[in-house]
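Q: Can you look at this prediction? I've put the sequence above it.
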Amino acid sequence: MIPAPAFLANPERFMAFSRWAAPLIGAIAVALAVAGLWLGFTAPEDYQQGATVKIMFIHVPAAWLSMFVYVCMGIASFLALVFRHALADAAAQAAAPLGAAFTGLALITGSLWGRPMWGAWWVWDARLTSVLVLFLFYLAYMALRASLDDETKASRAGAILALVGLINLPVVHWSVNWWNTLHQGASVFRKGGSALDPVYLTPLLLMGLAYTAAFGALWLVRIRGEVWRRRAEAAALRLARG
C-alpha cells in the first residue's frame, strides 16, 4: 500500500492538534468577521447599486467557500478511497454539511441581491444553475452516506460521488466566461488586478478570510465529533459481541 501522510494515519495526533487549534481558529474567525462587517456596512453606498451592494460581503465569501469546501471534501474523499484511512473519510463526511450551508447561503443571498438588480429572484443563468447543481451534489453525498448502514460501503460510495462532483467546479468557476450570463464576471481575482475600490475590497477580503477560518474551526470540530462517534460505535459493537 502507498504510504499515506502521517497526519491522516494518526488520529491521536489529529485529536491533540484539533483540541487547541479549533477554538483558536474560531476566535480568529470572529475577529476577522467583526472587522469585515464593520468596514463593509459602514462603507458608502454604491452609485449604481446603492445599499444593495453590501450583500456582497455575505454573498461573495459564501460563494467562494462553496467551491473551496467541495475541493477539501474531494481531496479527503480521494485520500480515503486510495489510502483507506478512516480519518480522511471522517474529514470528507464532516465537510459536506458545512459546504451545503455555505452553498445554500450563497444561493439565498444571491437571490436577494438579484431581485433588485435583475428584477427576478431566480433566473436559469449558467452560474446560478451550476451552483445549484453543486448544492445538490452536497445533498446527494449526505443522503447517500445516510442511506448505507455499512460504513465501508458508505465511505466508498460517498468518495466516488464526491470525486464525480468535482467535474462541476470548473463549470461553476468559468461559467461566466463560457456563456453569456446575467451574472457578472470576476471582479476580485482577475488579470490586471481587482476592479473593486479598496473601500469595498478590504472588507470583502476580510470576510473571505473570516469565512475560511470559520470553516476551518467548524471542520475540525465536526471531524472530532465524527471520530468520537465512530469510536463509540466500535466500543458498543465490541460490548455486544461479548
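A: The structure has been received and is ready for your questions.

Q: By residue count, what's the longest helix in the chain?
A: For the chain, the helix with the greatest residue count under DSSP state H is helix 198-240.

Q: what about residue 93, distance to residue 158?
A: 7 Å (C-beta to C-beta, to the nearest Å). Yep, even glycine has a C-beta here, placed from its N, CA and C like the rest.

Q: so where does residue 122 fall, helix or strand?
A: Take DSSP states H and E as the rule and residue 122 turns out to sit in neither a helix nor a strand.

Q: any idea how far it is from residue 77?
A: Taken as C-beta to C-beta, the span from residue 122 to residue 77 is 30 Å.

Q: So the two - more neighbours on which side?
A: Between residue 122 and residue 77, residue 77 has the larger neighbour count (other C-beta atoms under 10 Å), namely 29 against 14.

Q: Can you give me the neighbour number for the spatially closest residue to residue 209 that is not a sequence neighbour?
A: Once flanking residues are discounted, residue 209 sits nearest to residue 32: 5.1 Å by C-beta to C-beta, 6 or more residues apart in numbering. Residue 32 has 20 neighbouring residues, counting by other C-beta under 10 Å.

Q: Tell me which residues touch residue 32, please.
A: Residues near residue 32 by C-beta atoms under 8 Å, 6 or more residues apart in numbering: 206, 207, 209, 210, 213.

Q: for the chain, what are the low-confidence residue spans?
A: Along the chain, segments meeting pLDDT under 70 span 1-9, 46-48, 50, 177-197, 242.

Q: And the helices in it?
A: With DSSP H as the criterion, the chain has helices spanning 6-9, 11-41, 56-83, 86-118, 126-147, 151-165, 168-178, 198-240.

Q: Is it possible to get a markdown table of these that adds distance to residue 49?
A: Shown next, in a markdown table, are the helices of the chain (distance: least, C-beta to C-beta, whole Å):
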| stretch | distance to residue 49 |
| --- | --- |
| helix 6-9 | 45 |
| helix 11-41 | 14 |
| helix 56-83 | 9 |
| helix 86-118 | 7 |
| helix 126-147 | 18 |
| helix 151-165 | 33 |
| helix 168-178 | 18 |
| helix 198-240 | 11 |
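
Q: ok so, going back, any idea how far residue 84 is from the residue nearest to residue 209?
A: 36 Å.

Q: And residue 126, by the same measure?
A: From residue 126 across to residue 84, the span is 37 Å (C-beta to C-beta).

Q: do residue 166 as well
A: 20 Å.

Q: quick revisit: check which helices and strands the longest helix of the chain sits against.
A: Under the contact criterion of 3 or more C-beta pairs under 8 Å, 6 or more residues apart in numbering; DSSP states H and E, helix 198-240 touches helix 11-41, helix 56-83, helix 86-118.

Q: any idea of the angle the longest one forms with helix 151-165?
A: Taking axes from the mean of the first three to the mean of the last three C-alpha atoms, to 10 degrees, helix 86-118 and helix 151-165 form an angle of 40 degrees between their directions.

Q: what's the answer for the first one, then?
A: Taking the same axes, to 10 degrees, helix 11-41 and helix 151-165 form an angle of 40 degrees between their directions.

Q: what comes up buried for helix 11-41?
A: 11, 14, 18, 22, 25-26, 28-29, 32-33, 35-37, 39-40 (16 or more other C-beta atoms under 10 Å).
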